[in-house]
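K.L.:
please work out how this folds:
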Amino acid sequence: MCRALVLRAPLASAEEEEQVDLPDRARTLEEVNDDLRWMATLARAVGLDSLETDEAEDAISAPVGDSELSRTRGLQIREEAADALAALMRATGHQSPVIEYWAGPGAYERRVRPRLE
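P.N.:
Okay, here's the model as predicted:
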């Protein structure tokens, strides 16, 4: 019985490592989707019917596959749409912490390193 526990220990730690990594990525994708959805809703509410708003709504529904490459690409699509919409909203005089987060200084760093708060 002790031998079975020793053999299973490395498998359990590998599974735990995989479980910790996946929710961080999923949470990041959900946070970007929430920010995008909020900004697109606000843009429509104030009459900002623009290409950036349409692209943000399309980005929210962009598929995210099972592979690492497709998840990364889905996140990039959403981040680019969020940056563009936030820049437009900021240029038209709208202010909020979400808009400042996406349009403010350091936007490029977020695309390189997604937030994992």
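
K.L.:
so for stretch 31-38, what gets flagged as buried?
P.N.:
Using 16 or more other CB atoms under 10 Å as the test for burial, stretch 31-38 gives 32, 33, 35, 36. Every C-beta, even on glycine, is put in place using the N, C-alpha and C of the backbone.

K.L.:
buried residues in the strand or helix carrying residue 78, which are they?
P.N.:
Taking DSSP states H and E as the criterion, residue 78 maps to helix 68-91. For helix 68-91, a neighbour-count test (16+ other CB under 10 Å) marks 71, 74-75, 77-79, 81-90 as buried.

K.L.:
hmm, who's touching the next helix or strand after it?
P.N.:
Next along the chain after helix 68-91, taking DSSP H and E as the criterion, comes helix 97-103. By CB atoms under 8 Å, 6 or more residues apart in numbering, the residues outside helix 97-103 that reach it are 35, 38, 39, 82, 83, 85, 86, 87, 89, 90, 110.
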